[in-house]
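>>> here is the input, now give the coordinates:
(one chain, ligands or ions: 1)
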Amino acid sequence: MDAKSGTAGTITVDGKSVDMPVKGGSIGPQVVDISKLYAQTGMFTYDPGFTSTAACESKITYIDGDEGILLYRGYPIEQLAEQGDFLETCYLLLYGELPTAAQKADFDYRVTRHTMVHDQMHRFFQGFRRDAHPMAVMVASVGALSAFYHDSTDISDPQQRMIASMRMIAKMPTLAAMAYKYSVGQPFVYPKNDLDYTANFLRMCFAVPCEEYKVNPVLARALDRIFILHADHEQNASTSTVRLAGSSGANPFACIAAGIACLWGPAHGGANEAALKMLEEIGTPDRIPQFIARAKDKNDPFRLMGFGHRVYKNYDPRAKIMQKTTHDVLAELGIKDDPLLDVALELERIALSDEYFVEKKLYPNIDFYSGITLKAMGFPTSMFTVLFALARTVGWIAQWKEMIEDPSQKIGRPRQLYTGEPKRDYIPVAQRRA
Ligand code: SDX
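Residues are numbered from 1 along each chain as shown. Presented below is the predicted three-dimensional model:
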């Protein structure tokens, strides 16, 4: 196959040659268009885990795993995290361009005025046990939004799609804060329109009716940057879940609830919670070698949480920014020697020099340092993935909108390699033998 020139590649099946066109994007790997393969050969491709499969065309996020590059609509994550804010990133991901000052002000205004949730949602929360995992609460309450906002569930109406998008971005912090407050038995705190997005979230989480809560601007800036880092990431498992759910025409709230459910897994967004638990289990640097040995042991399912990535075979660019943010937050809070950070830094040093990790190109990912930062800010471990979901909502929504607005869009329906029983006849129960 002469991929460079874009001429067709050829697959020969039972002596019959079938051309496979090669399609190129603006940057990154080209693709072989196999959409006609089954019709022309009666064969499927086989790629469990989609390690070599491009499921869609997208203009939103680009990752170069070998170079450790992450671009949102072409802008490097390092520049957006350093110079922008989260709502600016939301605008960029949704509309494709950085907003002018007027567009940003209007967008912030619109998001701010969607931050309240229907007051009956408060009664909805009462049904949960206080010790329910906040991710269980988020899956349920985000899905339940479709029971309250019928005027933004018609996905064929662009206006309703945009209102649903704004509602999702605006209400996730409110629902996340409610999930936290409910878990600690404190009253819900309503959003305040004179606070910016992330400051509002911190206040809804940590304010109590008995006294005024003053948002620490350094922590608010750090958390806003953490949200930018988590906003989107190409066709990861939860985004692919949202796209697949949306391809059936399901309403956006239900699709985001599906994305939250997928993100919860420890191999994906649940890794930040699992990574912190791992660091706590290791406890002290002298215990690191035994955990490294376990991670390398084929017979031990243990993996170093916060290490490795399907795409990044270099340092996750977000992890570097995350590590710097961790130091900023600990310094602001006057935490001189965080034992968890000592373990994390030593674990990273050892892992990055260990042959096993070097050969398999296992580097720290975004989840490795985020837990230390969020714990220092006062969030319980169980809230870490909720914060990931809060930030990723804009990415899910932007990818969902792109999919819905793609004229070639159709329901996603993969096939399989069947290895079960061939056709056989029913046996009456009296004739069955164990
Ligand atoms: C996120 O996709 C995204 O973009 C996700 C994400 C996003 O922003 O949406 O970036 C967020 O999910 C980050 C990843 C968080 N997960 C973790 O930190 C959990 C620990 N990591 C692993 O479970 C694993 O690295 C994955 C799931 C992240 C990636 O798994 P892959 O791509 O399927 O790779 P693999 O499991 O085939 O591993 C390749 C080899 C294997 O060894 P061999 O079978 O080849 O001998 O590397 C080993 C694995 O055993 N390996 C690890 C390891 N990760 C992979 N060994 C020890 N510790 C690890 N963490």
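>>> can you list the residues of this structure near the ligand?
Within the chain, the positions adjacent to the ligand are 233, 236, 267-269, 271, 295, 303-311, 360, 362, 365-367 by Cβ under 6 Å from any ligand atom. Backbone N, C-alpha and C define where each C-beta goes, glycine included.
>>> what about the closest residue to the ligand within the chain, how many residues nearby?
The minimum distance from the chain to the ligand, using Cβ to the nearest ligand atom, falls at Gly308 (2.3 Å). Neighbour count of Gly308, defined by other Cβ atoms under 10 Å: 20.
>>> quick check: the residue found closest to it once you drop the neighbours it is linked to in the chain vs Pro134, distance?
Counting by Cβ to Cβ, 6 or more residues apart in numbering, Gly308 lies nearest to Leu362, which is 4.4 Å off, once chain neighbours are set aside. Using Cβ to Cβ, to the nearest Å, Leu362 is found at 29 Å from Pro134.
>>> so which of those two has more stuff around it?
The residue with more neighbours, out of Leu362 and Pro134 and counting by other Cβ under 10 Å, is Pro134; that gives 25 against 20.
>>> my read: the more buried one touches Ala179, true?
Yes - contact status for Pro134 versus Ala179: in contact at 4.1 Å, counting by Cβ atoms under 8 Å.
>>> which residues are common contacts for the two?
383, 386 (Cβ atoms under 8 Å, 6 or more residues apart in numbering).
>>> before we move on, what SS does Glu273 have?
Assigned by DSSP: H, G, I helix; E, B strand; the rest coil, the conformation of Glu273 is helix.
>>> quick one, grab the pLDDT at it.
At Glu273, the pLDDT value in this model is 93.
>>> any idea which element Tyr312 lies in?
When elements are assigned from DSSP states H and E, Tyr312 belongs to no helix and no strand.
>>> that one reaches Tyr363, doesn't it?
Yes - shown here, Tyr312 and Tyr363 form a contact pair, counting by Cβ under 8 Å, at 6.4 Å.
>>> Provide a list of residues in contact with the residue nearest to Gly308.
Contacts of Leu362 (Cβ under 8 Å, 6+ apart): 304, 307-308, 351, 356.
>>> by neighbour count, which of the residues you listed wins?
Neighbour counts for the contacts of Leu362 peak at Phe307, which has 24 neighbours (criterion: other Cβ under 10 Å).
>>> in contact with that residue, which residues?
For Phe307, the contacting residues are 295, 351, 357, 362-365, 368, by Cβ under 8 Å, 6+ apart.
>>> and what of Phe206?
Phe206 touches 213, 378, counting by Cβ under 8 Å, 6+ apart.
>>> what does Ala271 give?
Taking Cβ under 8 Å, 6+ apart as the contact definition, Ala271 lies against 305-306, 365, 367.
>>> before we move on, back to that, tabulate the contacts of Phe307 in TSV, adding columns for distance to Val111, pLDDT and secondary structure.
Below are the contacts of Phe307 laid out as TSV (distance: Cβ to Cβ, whole Å; pLDDT from 0 to 100; DSSP: H, G, I helix; E, B strand; the rest coil):
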residue	distance to Val111	pLDDT	secondary structure
Ala295	41	94	helix
Ala351	40	87	helix
Phe357	41	93	helix
Leu362	38	94	coil
Tyr363	34	91	coil
Pro364	32	92	strand
Asn365	29	92	coil
Phe368	30	92	helix
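>>> which entries within those residues meet the buried criterion?
Applying 16 or more other Cβ atoms under 10 Å to the contacts of Phe307, the neighbour count classes 295, 351, 357, 362-365, 368 as buried.
>>> pLDDT wise, what is the residue lying closest to Gly143 once chain neighbours are set aside at?
Among residues not flanking Gly143 along the chain, Ala257 sits closest, at 3.5 Å (Cβ to Cβ, 6+ apart). Looking at Ala257, its pLDDT reads 98.
>>> quick one: contacts for Ala257?
Applying Cβ under 8 Å, 6+ apart, the residues contacting Ala257 are 139-140, 142-143.
>>> just give me how far stretch 246-260 sits from the chain centre.
Its chain's C-alpha centre and that of stretch 246-260 lie 14 Å apart, by Cα atoms, centre = their mean, to the nearest Å.
>>> got the end-to-end distance for that stretch?
Length of stretch 246-260, first residue to last, Cα to Cα, to the nearest Å: 14 Å.
>>> make sure Gly269 is actually in contact with Leu390.
No - assessed by Cβ under 8 Å, Gly269 is found out of contact with Leu390, at 10.8 Å.
>>> got the phi/psi numbers for the residue nearest to Gly308?
Note on Leu362: its backbone torsions stand at phi -100, psi 110 [degrees, to the nearest 10].
>>> relative to Ala351, how far out is it?
Going from Leu362 to Ala351 by Cβ to Cβ gives 7 Å.
>>> overlap in contacts, those two.
Common neighbours of Leu362 and Ala351 (criterion: Cβ under 8 Å, 6+ apart): 304, 307.
>>> how far out from the middle of the chain is stretch 396-404?
Between the centre of stretch 396-404 and the centre of its chain there are 14 Å (Cα atoms, centre = their mean).
>>> dump that stretch to CSV, restricted to CA.
Extracted in CSV, the C-alpha atoms of stretch 396-404 (Å, rounded to 0.1, in the frame of the first residue of the first chain):
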residue,chain,number,x,y,z
TRP,A,396,-18.1,14.8,25.8
ILE,A,397,-20.6,17.5,24.7
ALA,A,398,-18.4,18.9,22.0
GLN,A,399,-17.7,15.4,20.6
TRP,A,400,-21.4,14.5,20.9
LYS,A,401,-22.4,17.7,19.0
GLU,A,402,-19.8,17.0,16.3
MET,A,403,-21.2,13.5,15.8
ILE,A,404,-24.8,14.6,15.7
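>>> what is the mean pLDDT for the top helix by length along the chain?
If you go by DSSP state H, the chain has its longest helix at helix 158-184. For helix 158-184, mean pLDDT is 96.
>>> average pLDDT across the helix or strand hosting Thr385?
Here Thr385, judged by DSSP H and E, is contained in helix 384-404. Confidence for helix 384-404, expressed as mean pLDDT, is 98.
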